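Provided below for reference: sequence and predicted model.
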Amino acid sequence: MLEAEARTGNFTRLAELRAGWLQLPDAGVRIQHVTEYEAQTLQMLDQPLRLGAIGTAIVDAYPGSLLGHMALASFYDRVGQTADATREHAAVNAIGAALQKSGDGTSANPYAAICHQRCHRLSAFSRPGRAGFDLLRHRGQSPAPQSARQPGSAKPLKTIVFDVTPTFTRLQQVHAGENGKPASLPQLLFEMARHGDSGAQTTAATQLMREELSHQTSAFRLLQQAVTDGNLYARLALAQGYLNAYNGEPEGDQRKELLNRAIEQLEQGVHAGSDIAMLELGRVYISGFAGDAKKPDGVALIQQSVALNQPAAMLVLARLYNDGDGVPKDVQKARALLLQAASMDFADGKLAYAQFQLASTPPTLDDQSRTWLQELAKAEHPNAMLMLAGIQARGIAVPKDVRAAKKLYRAVANNPAKNPELINDVVWTFTVTDEPQLRDAREALKLMDAMMASNQDANRNPAYLDTWAAAYAANGKFPRAIELQEMAVKAAKDQLSDDVVKVMSDHLAAFKRGETVTEKTP
């Protein structure tokens, strides 16, 4: 019934059409056909004579496809079939209007869509994915081809977010196992990645890189495939993957090659006008990895990203001004940049602005920052909880409340995300604090044992080993503390500065004397 209405040009019930279409017995096959046909269509948008057959195939599979009707409108315009062209342009207008009513393209209110190829719930960086491209064209905002964009473009790329949860839910049912249990999301993503879905390839690759270093090659392969499909998010993820590998590789030709590959991907992102690529390439350059001669270029890239209102870039530039690193030292400019990022409802900006104030002499916290910090902590933002706990424990800029601080520390450590860096911070505080009510050696050791047992990468981190050793010492188990601290010192000599090695060596000497580590609450 609804399909029949759509075929007559009536799209007033597009949401119902979409929902009903997904429940068709052959929905899985139709979804696959639509995504494959749309992928082909995007490759031939400048060849209208080839769009007639494929546009018809798309609309036959799903009458509500914006891209399908756009392809037909372009074809009929080209061959001079005015009546058919008018009908298809009307369909494009009706579907486009319905899509715009479904949301506003933000993460909080995404557009509803069927398509999942490069336009699922992941932020779809423009050049956007299939549905994003269609919607921009419909609005008369067709993005320039990548080759036409200039580095440092004055206009930021627009992120458009689509919600295709119903499509994913239906595909999980389609790919159900023999027991009838719907396929898990990871299983579905890897299946879609195998069939060439660049969004799924990107998501699967980032998941692989989080899980095991041994999966790195497979992750890179998936991202390289997604990059060839024009997926900018994949390009940025691939660059980050190369940088992660670079940081873990010993000096040599292989390490240089990884850095060059990362820079190449980021340069392509900058050429496409990506403010994030500008930020990340700027970070690489100001770090000195590519040589000191590139540092001024890094500052310029960070400034370009700031000009495009990228809040994370504001934090980096603020640090440069605060330290006088590559730019004249200007604390007031640093403060203004941090406040600007915080005012954009950027959580890290709010935390950085609060940290800036707390670093002053004496430490302060204005009412706005205090409110932001408390709101973020209430929303269970772990870094905000950790910062608030620290100042509550010491009574800095807020009334001293050790009990409330300890509750926040425990909440951070027991967060389901199990962030090892945050757990390490909590354990160190519980282990070494000079505040008797906050010190809890038994809980500290329990938390650290669990984290180190479940995270093999953490066992190679000298800072974590140092904390683990201190927790054993605080519990009076000095032989184990000495064993772990010797491992920490050895790892630190390979990875960290001489100053840090000395501190860890001092801890080792203390443990050998039967002493624990105690210091002011961090």
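Right, received. Where do you want to start? Note that the coordinates shown come from a computational prediction; the quantities given were computed from them, not determined experimentally. Residues are numbered from 1 along each chain as shown.

can I get the CA coordinates of stretch 483-499 in PDB?
The C-alpha trace of stretch 483-499 is given here as PDB (Å, rounded to 0.1, in the frame of the first residue of the first chain):
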ATOM      1  CA  GLU A 483      60.200  -7.300  41.900                       C
ATOM      2  CA  LEU A 484      57.600  -5.000  40.200                       C
ATOM      3  CA  GLN A 485      59.600  -1.900  40.800                       C
ATOM      4  CA  GLU A 486      62.700  -3.400  39.100                       C
ATOM      5  CA  MET A 487      60.500  -4.100  36.100                       C
ATOM      6  CA  ALA A 488      59.200  -0.500  36.200                       C
ATOM      7  CA  VAL A 489      62.700   0.900  36.300                       C
ATOM      8  CA  LYS A 490      63.800  -1.300  33.400                       C
ATOM      9  CA  ALA A 491      60.800  -0.300  31.300                       C
ATOM     10  CA  ALA A 492      61.300   3.400  32.200                       C
ATOM     11  CA  LYS A 493      64.900   3.300  31.000                       C
ATOM     12  CA  ASP A 494      63.600   2.200  27.600                       C
ATOM     13  CA  GLN A 495      60.700   4.600  27.400                       C
ATOM     14  CA  LEU A 496      61.000   7.600  29.700                       C
ATOM     15  CA  SER A 497      63.200  10.500  30.600                       C
ATOM     16  CA  ASP A 498      66.200  10.300  33.000                       C
ATOM     17  CA  ASP A 499      64.300  12.400  35.600                       C
END
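
Determine how far that stretch lies from the middle of the whole chain.
How far stretch 483-499 lies from its chain's middle: 31 Å, per CA atoms, centre = their mean, to the nearest Å.

pLDDT on that stretch, on average?
What stretch 483-499 shows for mean pLDDT is 91.

And for stretch 231-243?
Per-residue scores along stretch 231-243 average to 92.

what's the answer for stretch 215-222, then?
On average, stretch 215-222 scores 86.

repeat for stretch 325-340
97.

now do stretch 291-303
So the average pLDDT for stretch 291-303 ends up being 96.

Pull out the buried residues from it.
294-295, 298-299, 301-303 (16 or more other CB atoms under 10 Å). C-beta: built from backbone N, CA, C; applies to glycine.

just stretch 216-226 next, same as before
Under 16+ other CB under 10 Å, the buried positions of stretch 216-226 are 216, 219-220, 222-223, 225-226.

Same check on stretch 307-314?
308, 310-314.

Ok, stretch 481-497 next?
Within stretch 481-497, judged by 16+ other CB under 10 Å, the buried ones are 481-482, 484-489, 491-492, 496.

Reformat those as JSON lines; add distance to residue 13 and secondary structure.
JSON lines is the format used below for the buried residues of stretch 481-497 (distance: CB to CB, whole Å; DSSP: H, G, I helix; E, B strand; the rest coil):
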{"residue": "481", "distance to residue 13": "69", "secondary structure": "helix"}
{"residue": "482", "distance to residue 13": "73", "secondary structure": "helix"}
{"residue": "484", "distance to residue 13": "65", "secondary structure": "helix"}
{"residue": "485", "distance to residue 13": "69", "secondary structure": "helix"}
{"residue": "486", "distance to residue 13": "71", "secondary structure": "helix"}
{"residue": "487", "distance to residue 13": "65", "secondary structure": "helix"}
{"residue": "488", "distance to residue 13": "65", "secondary structure": "helix"}
{"residue": "489", "distance to residue 13": "69", "secondary structure": "helix"}
{"residue": "491", "distance to residue 13": "63", "secondary structure": "helix"}
{"residue": "492", "distance to residue 13": "65", "secondary structure": "helix"}
{"residue": "496", "distance to residue 13": "63", "secondary structure": "coil"}
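
Among the buried residues of stretch 307-314, which one sits closest to residue 417?
Using CB to CB, residue 312 is the member of the buried residues of stretch 307-314 that sits closest to residue 417, with 20.0 Å.

The closest one: what's it in contact with?
276, 279, 341, 346, 348 (CB atoms under 8 Å, 6 or more residues apart in numbering).

Surely the fourth one is in contact with residue 309?
Okay, so that is residue 346. No: contact between residue 346 and residue 309 fails when scored by CB atoms under 8 Å: they sit 10.3 Å apart.

related to what we said a few turns ago, save the buried residues of stretch 216-226 as CSV, and put in distance to residue 389 and secondary structure too.
As requested, these are exported to CSV (distance: CB to CB, whole Å; three-state DSSP):
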residue, distance to residue 389, secondary structure
216, 35, helix
219, 35, helix
220, 39, helix
222, 39, helix
223, 38, helix
225, 44, helix
226, 40, helix
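
Which residue ranges make up each domain of the chain?
As given by automatic domain parsing, the domain ranges for the chain are 2-183, 433-522.

Would you mind giving the buried residues of stretch 216-226 as JSON lines with distance to residue 261 added?
Below are these laid out as JSON lines (distance: CB to CB, whole Å):
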{"residue": "216", "distance to residue 261": "13"}
{"residue": "219", "distance to residue 261": "14"}
{"residue": "220", "distance to residue 261": "9"}
{"residue": "222", "distance to residue 261": "15"}
{"residue": "223", "distance to residue 261": "11"}
{"residue": "225", "distance to residue 261": "15"}
{"residue": "226", "distance to residue 261": "15"}
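
From the contacts of residue 312, list just the buried residues.
For those, buried by 16+ other CB under 10 Å: 276, 279, 341, 346, 348.

and residue 168, what element?
In this assignment (DSSP states H and E), residue 168 forms part of helix 165-174.

And the closest residue to residue 177 other than its chain neighbours, how close does it get to residue 175?
Nearest in space to residue 177, with sequence neighbours left out and distances taken as CB to CB, 6 or more residues apart in numbering, is residue 183 at 6.8 Å. From residue 183 across to residue 175, the span is 4 Å (CB to CB, to the nearest Å).

Under the pLDDT cut-off, which ranges of the stretch 51-200 of the chain? List them.
Along the stretch 51-200 of the chain, segments meeting pLDDT under 70 span 115-156.

let's see 90
66-67, 95-200 (pLDDT under 90).
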